[in-house]
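K.L.:
this one's sequence-less:
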């Protein structure tokens, strides 16, 4: 993925969720599924993720909306999935937001 810039929108953030054995996790019965974004100042926002297909392939994504990418610097995102028996978070994935100089 190319680095997004401040005020960009329409950028998709996708991930594939794996279990502890590094096997793709079937997410079709999980709800909610969210992606948490952490800004350079450590503030966060959380958005509902969508399945890329039907969830059985572990693939989710969220497309950034207008006004959400508002700060240049080092960001992170991670998935959070909830099943009836618990809730788990993925590893953090770093990315850089470029300024518009």
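P.N.:
Okay, I see it. Not measured: the values here are computed from a predicted model. Residues are numbered from 1 along each chain as shown.
K.L.:
longest strand in the protein, by residue count?
P.N.:
The longest strand of the chain (DSSP state E) is strand 73-83.
K.L.:
show me what it is packed up against.
P.N.:
For strand 73-83, the packing partners by 3 or more C-beta pairs under 8 Å, 6 or more residues apart in numbering; DSSP states H and E come out as strand 12-16, strand 33-38, strand 86-89, strand 93-97. Just so you know, the C-beta spots here come from the backbone N, C-alpha and C atoms, and that holds for glycine as well.
K.L.:
give me the low-pLDDT residue ranges for this structure?
P.N.:
Under the criterion of pLDDT under 70, the regions of the chain flagged as low confidence span 1.
K.L.:
at 90 instead, please
P.N.:
Counting by pLDDT under 90, the chain contains low-confidence residues at 1-3, 19-20, 100-101.
K.L.:
which ones are touching the closest residue to residue 65 other than its chain neighbours?
P.N.:
Spatial nearest neighbour of residue 65, chain neighbours left out: residue 9 (5.6 Å); criterion: C-beta to C-beta, 6 or more residues apart in numbering. Neighbouring residues of residue 9 by C-beta atoms under 8 Å, 6 or more residues apart in numbering: 64, 65, 66, 67, 68, 69.
K.L.:
just the buried ones from the residues you listed?
P.N.:
Of all these considered here, the ones buried according to neighbour count by 16 or more other C-beta atoms under 10 Å are 64, 68, 69.
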